[in-house]
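Novice: Build the 3D model from these lines:
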Amino acid sequence: EVQLQASGGGLVQAGGSLRLSCVASGLSFDDYAIGWFRQVPGKAREAVACIDKAGSTYYDDSVKGRFTISRDKAKNTVTLQMNGLQPEDTAVYSCAARRSDTTRYDIWGQGTQVTVSS
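Specialist: Residues are numbered from 1 along each chain as shown. Below you'll find the predicted structure:
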């Protein structure tokens, strides 16, 4: 069974840092891209960052230079290091997986709340 387990959210002051982890089971990073998404109540979910099977990364403009996505194949874990957090980064963050030959993320982990106080 393919599963994603996200963790690492919490409450932090503006300017602070958090590290989110997404542990994958039942899939290989050689075949899947992993993405981090966030959603605020009443707004559409937005893509934050992703890393494809080749290790190439993508970032939304709003987080470029502040967030870093990386992966550890041995631990089957994708990490989102978030620095310089701002109140507008407050959201529920989720990780998701898509097969490398598709564009649709169809495997989702549970969300983890990130709250940034001003």
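
Novice: Is the most centrally placed residue in the chain bridged to anything, and to what?
Specialist: For the chain, the residue nearest the mean C-alpha position is Trp36 (2.4 Å; CA atoms, centre = their mean). Judged by DSSP bridges, the bridge partners of Trp36 are Ala49, Cys95.

Novice: who's in contact with it?
Specialist: Applying CB atoms under 8 Å, 6 or more residues apart in numbering, we find Trp36 in contact with 20, 22, 47-50, 69, 78, 80, 93-96. To be clear about C-beta, it is placed using only N, CA and C from the backbone, and glycine gets the same treatment.

Novice: try 7 Å this time
Specialist: Leu20, Val48, Ala49, Ile69, Leu80, Tyr93, Cys95 (CB atoms under 7 Å, 6 or more residues apart in numbering).

Novice: And Arg98, by the same measure?
Specialist: Contacts of Arg98 by CB under 7 Å, 6+ apart are Tyr32, Ala33, Arg104, Tyr105, Asp106.

Novice: average pLDDT across stretch 72-86?
Specialist: The average pLDDT within stretch 72-86 is 97.

Novice: Show me which positions of it end up buried.
Specialist: Asn76, Thr77, Val78, Thr79, Leu80, Met82, Leu85 (16 or more other CB atoms under 10 Å).
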